[in-house]
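Peer 1: this one's sequence-less:
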C-alpha cells in the first residue's frame with residue numbers, strides 16, 4: 001500500500017491560513033464582522049450607506065448594488081445594507097435577488113413592516129402571489145402595532161386588495 005502524498009505549504013501560507021481560520025471563528029462565534037478585522041469604523045459604514053443611497057437616488061442602481069453588497073460583506077449585521085441591496089435589486093427588476101436581500105434584513109429586524117412590504121412588492125412583481133399575501137399579512141401585523149406606520153399599512157392594504 002502506498003503512502004498518501006503530503007503537501008508542504010510554505011510557512012507564510014500556513015500562517016495566513018491560520019489567520020483566516022481565526023477570523024472565520026470570530027465571525028461565526030463571536031459576532032465580529034469583516035469590517036472589524038479591516039478596521040472599518042461606524043462612520044465609514046455610515047458613509048458607505050449614504051453613498052449607496054445617493055446612487056439609488058441618482059438612478060445608478062448597478063453601482064448602488066455594488067456599494068450595498070460591499071457594505072453587507074463588511075458588516076453582515078447592518079440591516080441598512082441589506083435593505084439598500086434589496087432596493088437596488090428591486091429597482092433593477094431583479095425581484096428574486098431583492099427578496100433574498102430582504103430575507104436577510106428581516107432576520108436582523110423581524111418586526112419591521114417596511115421589509116415585509118418591500119418583499120411583497122417584489123413577490124407580486126415576480127408572480128409569487130401566495131407568498132406576497134403572506135408578506136402583506138405580516139406587514140399589516142407589524143404596522144398595526146405602530147401608529148407611525150400608517151402609510152405602510154395603507155399601502156399593504158391596497159396591495160392585498162388588488163391580489
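Peer 2: It's in. Just so you know, these numbers come straight off a predicted model, no measurement behind them.
Peer 1: so where does the residue lying closest to residue 64 once chain neighbours are set aside fall, helix or strand?
Peer 2: Counting by CB to CB, 6 or more residues apart in numbering, residue 55 is the residue found nearest to residue 64 once chain neighbours are left out, at 3.7 Å. All C-beta spots, glycine's among them, are computed from the backbone N, C-alpha and C. Using DSSP states H and E, residue 55 sits in helix 42-57.
Peer 1: contacts for that helix?
Peer 2: Helix 42-57 is contacted by residues 35, 61, 63-64, 67-68, 70-71, 74-75, 78, 80-81, 84, 87-88, 91 when judged by CB atoms under 8 Å, 6 or more residues apart in numbering.
Peer 1: which of those residues fall within helices?
Peer 2: Applying DSSP state H to the contacts of helix 42-57, the entries found in helices are 35, 61, 63-64, 67-68, 70-71, 74, 80-81, 84, 87-88, 91.
Peer 1: buried subset of those residues?
Peer 2: Using 16 or more other CB atoms under 10 Å as the burial test, the ones in helices among the contacts of helix 42-57 include 35, 61, 63-64, 67-68, 71, 74, 80-81, 84, 87-88, 91 as buried.
Peer 1: give me the lowest-pLDDT entry from the residues you listed.
Peer 2: Lowest pLDDT among those: residue 35, with 73.
Peer 1: tell me the buried residues in stretch 98-118?
Peer 2: Buried, per 16+ other CB under 10 Å, within stretch 98-118: 98-102, 104-106, 108, 112-118.
Peer 1: what's the first-to-last distance across it?
Peer 2: End-to-end distance of stretch 98-118 (CA to CA, to the nearest Å): 9 Å.
Peer 1: that one: how far from the chain's middle?
Peer 2: Its chain's C-alpha centre and that of stretch 98-118 lie 8 Å apart, by CA atoms, centre = their mean, to the nearest Å.
Peer 1: residues in contact with it: which ones?
Peer 2: Outside of stretch 98-118, the residues within contact range by CB under 8 Å, 6+ apart are 68, 72, 76-79, 82-83, 85-87, 89-90, 119, 122-123, 126, 135-136, 138-140, 142-143, 145-146, 149, 152-153, 155-156, 159.
Peer 1: what about 7 Å?
Peer 2: 77, 79, 82-83, 85-86, 89-90, 119, 122-123, 135, 138-139, 142-143, 149, 152, 155-156 (CB atoms under 7 Å, 6 or more residues apart in numbering).
Peer 1: mind checking how far residue 55 is from residue 61?
Peer 2: 8 Å (CB to CB, to the nearest Å).
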